[in-house]
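**Student:** Okay, predicted coordinates and the sequence, questions at the end:
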Amino acid sequence: MPTSKIVPLGLFLLLAILLFNGLFSDPAHRDSPFIGREVPTFNLPDLMDREIKYQASTFNNHYTLLNVWGTWCLTCKVELPYLTRLSESGVRIVGLYYEQDSDPMFKSQTLPQVQADVTQTLIQLGNPFEFNIYDEYRDLSFDLGVTGAPESFLIDPNGVIVAHHVGDINDRVWQSVFAPHFLTNTSNRGD
Amino acid sequence: MILSELGHFALILSLFFAGMLSVVPMVGSYTNNQRWMGSAPTLAVGMFVFTLIAYAILTYGFVTDDFSLSYVANHSNSLLPLHYKVTAVWGGHEGSFLLWVLMFTLWTLGVALFSQGIPTLMLARVLSVLGLVACGFYLFMLWVSDPFLSLLPFFPVDGQDLNPLLQDFGMIIHPPMLYMGYVGFAVAFSFAIAALLSGKLDSAWARWSRPWALAAWGFLTVGLALGSWWAYYELGWGGWWFWDPSENAALMPWLAGTALIHSLAITEKRKIFKSWTVLLAICAFSLSLLGTFLIRSGVLVSVHTFASDPSRGLFILGMLVVVIGSSLLLYALRASSLKVEGRYGLISREVMLFGNNVLLSVSTLVVLVGTLLPLVHQQLGRGAISVGEPFFNQMFTLLIVPFALLVGIGPLTRWKSQAPAYLLRQMLYAGTIALAAALLLVLPQSHVSYLALLGFFLAFWVLVNTVEEVRLRVGKPFNTGKLTQLSLSHWGMVLGHIGFAILLTGIAMVSNYGVEKDVKLSPGESVELSGYRFAFEGVKGITGPNYRGNQGRIIVYRDNQKITELLPEKRQYNVQKSVMTEAGIDSNLWRDLFVALGEPLGENQWAVRIYYKPLVVWIWLGAAIMALGALCSICDKRYRVRADNKRAADIAHQATPSPALNKG
């Protein structure tokens, strides 16, 4: 049997292994080096109003879910309705917005276009965000080690990152990754 | 009577027929038992009938608002209009899979009914392979994807309603077409497997499976076009293709299928590239199954993703490994015995077709890699990423240039060997005309876009060469009566290539010269865009059967002549609490005017998004012409193998026993 005819089978088996791992790898359980660290310092504007600036202190005194997203990211759109329900149930959610690298072949969007795009998306799919931080040059997302969108960080009232999830948030992810922190939080208060 | 039990019963009976079909004719084919082999068509009919019954039962559940069925409760509502209740059957995972299986049994039935000319042995094996694949589908439904799951004794008073995105005409026809295409490749796949089993990879199997592959490809083309059209007017983003994982999942089998129908043509006519053709037949169907896995397992997230569920994913993956793995193993064992018979020179139609098949395979791989890259990335511990449009757009821009050049010149090239002088003359001639025509199209535009120029050049190149090819075949002197002398399958090719040229023109135009504008408008204000004046008349409240909403009124003028009135809507669906945009579109052959209502900005002021999309309809028109080409080819009379040929074919088949039989 000439080896060339086995190539498709070999390639397929590799693919099958990849898919198998994909089914069971839960990116939520990957240890993030950022857990336990404080949010890096930053000074970034509001997406809708450049006059408003935010610093790390904005995370003080609340549990905040920091959601890294962009309208260009389909997965982010998928999780918006769920996040909206979360925020309606009282979770404080702040968006960290960045535009995809502008490509020379494609005209990059102007800020008003981005704003219109964001408004349109949020009206259509739900707006979970108290406000959106505009990370134009990807400073904060770089410091947070963000590799793509969506990613989410749970930040405690002291400004310390307590949970980190790569990928969309759905009920399963919320229950397993983020909800436990809220439970310990309330029990601590009970003490 | 309880629908849930009836439905389960019908599915179990279908599984029984599928099981019999996968065993009895196959065993018969190896023991030369004519009666066992002859049972295949009857078993195929039984499988189809009971699947149809199961499907009818589920539809009945929807129509009668039987919310004791979990699936109905989750995807319907008593307020839903009747026609959407009927189409809501495929609005979710379980039901759409039942539809998919119904389509599959329909194809199997088709093979059983329209294969009088095919030897009994071959037909028995083809149907048996289809039955085996069907077994996997039924087990999947009964095990992890039950459309008849009952909520008794506690069931809701009313349902969750159908996703508003899916309450739309495009959604009524898009999935059935797409599924017809997806599962249609199973037929070509089964022919390839049966041919591998018999060891007789002659050109006969290519001829038998060619109309089936063409039909599947035609349906998939229409399905993809409808999906793109639906996304265009329903999602309100103004785009027609998003490189979304589920779009990619359908594009991959389409690309492989395009390569397959060309490869089948070579194998049928010239008896070469046999192992390549077999591999493509296996790939086209494997990619359909892989697409199913990607969408339904929740491995990748997209707008179409059905609920994530690892057990389902695991089952489909297991099925993938069994079906694809064993086919490729069979391929590895058997295809090596193929001998190359034909000879051909470097400049010949064979090489051109081969080149295009390589390009199509490479583009399939590009889509596969781009779709799976986020998964690989995640497993390397580098986090999840989205592979965006720029990657795909760049790759396809690169690949389409040599592809289109070959599409133009390929049919003009002779089989076996072609004198380069003629070809060079023709290329110079077509190139000059195409360049001139492209420049004529680009120069009057607001700015010169080199990508658009390239796109138009390629489109005209294909068009000019295709017309020249028809002229050449008809011969001199030219008269229209002679056009009917060309065979229907030849016209199929001509239509397919012209459709491709039209599609390319539409893409080049709309991607480079489409204009969009976001504006704030108060009643009485108007805005200019590409020579049109859009006058905003205001917004009024509307109430539908299961939604409330706002409807804007925009009157479009050109040179102070009223052209049309656009009524974009924004709907709030009561049950699912979601907001939907219904764009207002005025469409003609030359341009679309597209208006989407944004959000209210207070004081009757609204954000409005306005698009001017030149030639966007050509994208879907081109796809429709390509599908028409497939239809034309199928109707060619040489595929209607007459019954009296069958006896001759049977005898020929028995006279040369297959290697498999010898081994037995």
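**Tutor:** Here it is on my side, so go on. Because the structure is predicted, anything quoted here is derived from the model rather than measured. Numbers count the residues shown, from 1 in each chain, chains lettered A, B, ... in the order given.
**Student:** measure the residue positioned nearest the centre of chain A to B:Glu5 for me?
**Tutor:** With distances taken as C-alpha atoms, centre = their mean, the residue of chain A nearest its centroid is A:Glu151 (2.4 Å). A:Glu151 sits 47 Å away from B:Glu5, taking C-beta to C-beta, to the nearest Å as the criterion. Where you see a C-beta, it was placed from the backbone N, CA and C, and this is true even at glycine.
**Student:** what about A:Asn158, how many neighbours?
**Tutor:** For A:Asn158, the neighbour count with other C-beta atoms under 10 Å in any protein chain shown is 11.
**Student:** Just give the closest residue to it, not the sequence neighbours.
**Tutor:** Distances taken as C-beta to C-beta, 6 or more residues apart in numbering or on different chains put A:Asn60 closest to A:Asn158, at 7.4 Å, once the chain neighbours are dropped.
**Student:** contact partners of the helix or strand hosting B:Leu428?
**Tutor:** Under the criterion of DSSP states H and E, B:Leu428 resides in helix B:420-442. By C-beta atoms under 8 Å, 6 or more residues apart in numbering or on different chains, the residues outside helix B:420-442 that reach it are B:347, B:408-409, B:412-413, B:448-449, B:452-453, B:456-461, B:463-465, B:468.
**Student:** what do you get if the cut-off is 7 Å, keeping everything else the same?
**Tutor:** Helix B:420-442 is contacted from outside by B:347, B:408-409, B:412-413, B:448-449, B:452-453, B:456-457, B:460-461, B:464-465, B:468, using C-beta atoms under 7 Å, 6 or more residues apart in numbering or on different chains.
**Student:** again with stretch B:257-267
**Tutor:** B:185, B:188, B:203, B:206, B:209-210, B:213-214, B:216-217, B:220, B:272-274, B:276-277, B:280-281, B:284, B:350, B:353, B:356-357, B:360-361.
**Student:** ditto for stretch A:58-71
**Tutor:** When contacts are defined by C-beta under 7 Å, 6+ apart, stretch A:58-71 is touched by residues A:39, A:76, A:83, A:91-100, A:117-118, A:121, A:141, A:146, A:149-157, A:159, A:182, A:185.
**Student:** quick one on the thing from earlier: count the residues that sit near the residue nearest to A:Asn158.
**Tutor:** Neighbours of A:Asn60 under the rule other C-beta under 10 Å: 14.
**Student:** Check B:Gly181 too.
**Tutor:** Using other C-beta under 10 Å, B:Gly181 has 27 neighbouring residues.
**Student:** Are any of the contacts of helix B:420-442 buried, and if so which?
**Tutor:** Neighbour-count burial within these applies to B:408-409, B:412-413, B:449, B:452-453, B:456-457, B:460-461, B:464-465, B:468; the criterion is 16 or more other C-beta atoms under 10 Å in any protein chain shown.
**Student:** Hmm, B:Pro568 is touching B:Gly552, no?
**Tutor:** Yes. Using C-beta atoms under 7 Å, B:Pro568 is in contact with B:Gly552, at 5.0 Å.
**Student:** between the two, what contacts are shared?
**Tutor:** Taking C-beta under 7 Å, 6+ apart as the contact rule, B:Pro568 and B:Gly552 both touch B:Leu597.
**Student:** Report the contact partners of the residue nearest to the centre of chain A.
**Tutor:** A:68, A:165-166.
**Student:** thinking again about what came up before, from the contacts of stretch A:58-71, which land in strands?
**Tutor:** Filtering the contacts of stretch A:58-71 for membership in strands, criterion DSSP state E, returns A:92-97, A:151-155.
**Student:** Determine which two of these are furthest apart.
**Tutor:** Farthest-apart pair in the ones in strands among the contacts of stretch A:58-71 is A:Tyr97 and A:Leu154; separation 18.3 Å (C-beta to C-beta).
**Student:** More neighbours: which of the two?
**Tutor:** Remark: of A:Tyr97 and A:Leu154, A:Tyr97 carries more neighbours, 26 against 21, as counted by other C-beta under 10 Å.
**Student:** list the contacts for that one?
**Tutor:** Residues in contact with A:Tyr97 (C-beta under 7 Å, 6+ apart) are A:47, A:69-70, A:118, A:132-135.
**Student:** Tell me what it is bridged to.
**Tutor:** A:Trp69, A:Tyr134 (DSSP bridges).
**Student:** between the ones in strands among the contacts of stretch A:58-71, which is closest to chain B?
**Tutor:** A:Glu151 (7.1 Å; C-beta to the nearest C-beta).
**Student:** coming back round to it: the contacts of helix B:420-442: which two are farthest apart?
**Tutor:** B:Ile347 and B:Val448 (34.7 Å).
**Student:** Just give me the residue right at the centre of chain B.
**Tutor:** Central residue of chain B (C-alpha atoms, centre = their mean): B:Leu220, 2.3 Å from the mean position.
**Student:** Per-residue pLDDT of residue 178, please?
**Tutor:** Picking chain A for this. For A:Phe178, the pLDDT comes out at 83.
**Student:** I was after chain B.
**Tutor:** 89.
**Student:** Quick check: it vs chain A, distance?
**Tutor:** Distance, B:Leu178 to chain A, by C-beta to the nearest C-beta, to the nearest Å: 19 Å.
**Student:** ok, that residue - how many residues close by?
**Tutor:** Look at B:Leu178: counted by other C-beta under 10 Å, it has 26 neighbours.
**Student:** so which strand or helix has it?
**Tutor:** helix B:169-198.
**Student:** next helix or strand past that helix?
**Tutor:** For helix B:169-198, the following helix or strand on the C-terminal side (DSSP H and E) is helix B:203-234.
**Student:** ok and that following helix relative to helix B:169-198, angle-wise?
**Tutor:** 160 degrees (axes from the mean of the first three to the mean of the last three C-alpha atoms, to 10 degrees).
**Student:** residue contacts, A:Val94?
**Tutor:** Contacts for A:Val94 (C-beta under 7 Å, 6+ apart) come out as A:64, A:66, A:129-131, A:133.
**Student:** make it 6 Å
**Tutor:** Residues near A:Val94 by C-beta atoms under 6 Å, 6 or more residues apart in numbering or on different chains: A:64, A:66, A:130.
**Student:** Restricted to helices, list those.
**Tutor:** The members of these all map outside helices under DSSP state H.
**Student:** Could you pick out the buried ones from those?
**Tutor:** So, by 16+ other C-beta under 10 Å, the buried ones in the contacts of A:Val94 are A:64, A:66.
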